[in-house]
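# Starting from these lines, generate the structure:
(one chain, ligands or ions: 2)
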Amino acid sequence: QATIEVNGLRKRFGPTLALDGMSFTVRPGQVTGFVGPNGAGKSTTMRVILGLDAADEGHALVGGQPYVSLRRPLTHVGALLDAGALQPGRTARDHLLWLAHSQGLDGRRVDEVLQQVGLRSVARRRAGGFSLGMRQRLGVAAALLGDPPVLMLDEPVNGLDPEGIVWMRGLLRSLAADGRAVLVSSHLMRELEDTADHLVVVGKGRVIADADVTDLIAAA
Ligand code: ADP
Ligand code: ADP
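Ligands and ions are numbered 1, 2, ... in the order given. As a prediction, the model looks like this:
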C-alpha cells in the first residue's frame, strides 16, 4: 500500500542530534506537509527513509517495507532531494533516459513526464544551462519516472517563480487525488497551508504537531 511510516528515528551527527524520536505516517490520497525551520531534521528524515543515511534508532517503511529491500525502487517511491544533482552535460531527456535505464526501466515514460512538468519544449537542451526552477521541474520529472505510489519532495518550491509555485501546487494536488501518498517539505508554513491535507510540524528533530489542516483551521 502507498504509505510512509516513520517510527522513532534518532540520528546523531557528531554532537548534533539531528533526529530525536521522529515519528509520523504519510497516508495515500493526501498531501502531507512536512514543515519546520532549517535544521529541524526534514532532509535527514527523507534521507533515512531512502536509505541514504542510517538511523541510530528507529525505522522507516515505504509501503510496509524498508526502502533498501525494494526492487526497482523508482517504481515504489519517487523523490526530489537535491535539484542540483544532475549531469550538466546531458540533455534533460537523456538525463531521464539514463536514470530510467540505470533502474532497469525502459524509457517509455520519459516524454510523458517531461510533458507533465512542462519541460517538453526544452527536452533536448543541456540541463547544465537550466535555471533552478527548471532543475526543480526536471527533478520532479525524475521522481515521477517510475509512476510510484509514494512521492517525497524536499523543498520543491525553491527557485520556482510564482507561476511555477501555482503549477507545483496543482501537480501535488493531482498526484494525491490519484491516490498517491505525497510528502512535501518546506521551512515556510504558508507555502503548504493551501496545498497540504495534513501537516506534520517539526522542530529539533521531533514532531511538535501532527494534524489534518481542516482540524487546525477549526482550532485556530
Ligand atoms: P532540515 O532539512 O529540516 O533543514 P536537516 O535534516 O538538513 O534539517 O538537518 C538537521 C540537523 O542535522 C542540522 O543541525 C544539520 O546541520 C545536521 N546535519 C544534517 N546532515 C548532516 C551531516 N551530513 N553532517 C553533519 N550534520 C548534519
Ligand atoms: P537542506 O537545507 O535541504 O536540509 P542542507 O543544505 O542542510 O539541505 O544539506 C545538504 C547536504 O549537506 C546534505 O547531504 C546534508 O546531509 C549535508 N549537511 C547538512 N548540514 C551539514 C553539516 N552541518 N555538516 C556536514 N554536512 C551537512
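# surely Asp56 meets Gly8?
No - counting by Cβ atoms under 8 Å, Asp56 stays clear of Gly8, with 10.5 Å between them. All C-beta spots, glycine's among them, are computed from the backbone N, C-alpha and C.
# if I've got this straight, Leu175 is in a helix?
Yes - when DSSP: H, G, I helix; E, B strand; the rest coil is applied, Leu175 is found to be in a helix.
# Now it: closest residue in space that isn't a chain neighbour?
With Cβ to Cβ, 6 or more residues apart in numbering as the criterion, Leu175 has its nearest non-adjacent residue at 5.4 Å, and that residue is Val182.
# what about the one you found, how many residues close to it?
Counted with other Cβ atoms under 10 Å, the neighbours of Val182 add up to 30.
# And it, how far from ligand 1?
Distance, Val182 to ligand 1, by Cβ to the nearest ligand atom, to the nearest Å: 17 Å.
# what's the answer for Leu119, then?
From Leu119 to ligand 1 the distance is 26 Å (Cβ to the nearest ligand atom).
# Am I right that the residue nearest to Leu175 is in a helix?
No - Val182: not assigned to a helix; according to three-state DSSP it is strand.
# for the helix or strand of the chain with the lowest mean pLDDT, packing partners?
Lowest on mean pLDDT, DSSP states H and E among the helices and strands of the chain sits helix 213-219, with a mean of 85. When contacts are defined as 3 or more Cβ pairs under 8 Å, 6 or more residues apart in numbering; DSSP states H and E, helix 213-219 sits against strand 198-203.
# List the strands paired with the strand it packs on, with their directions.
With DSSP bridges as the test, strand 198-203 is paired with strand 30-35 (parallel), strand 206-212 (antiparallel).
# The last one close to ligand 1?
No - using Cβ under 6 Å from any ligand atom as the criterion, no contacts between strand 206-212 and ligand 1 are found, and the smallest distance is 11.5 Å.
# Could you give me the buried positions within the least confident helix or strand of the chain?
Val213 (16 or more other Cβ atoms under 10 Å).
# now, of the strands paired with strand 198-203, which is deepest in the fold?
strand 30-35 (a mean of 25; mean count of other Cβ atoms under 10 Å).
# Can you give the distance from that one to the centre of its chain?
10 Å (Cα atoms, centre = their mean, to the nearest Å).
# and the helix or strand just after it, average pLDDT?
Proceeding N to C from strand 30-35, the next assigned helix or strand is helix 42-49, under DSSP states H and E. Regarding helix 42-49, the rounded mean pLDDT is 97.
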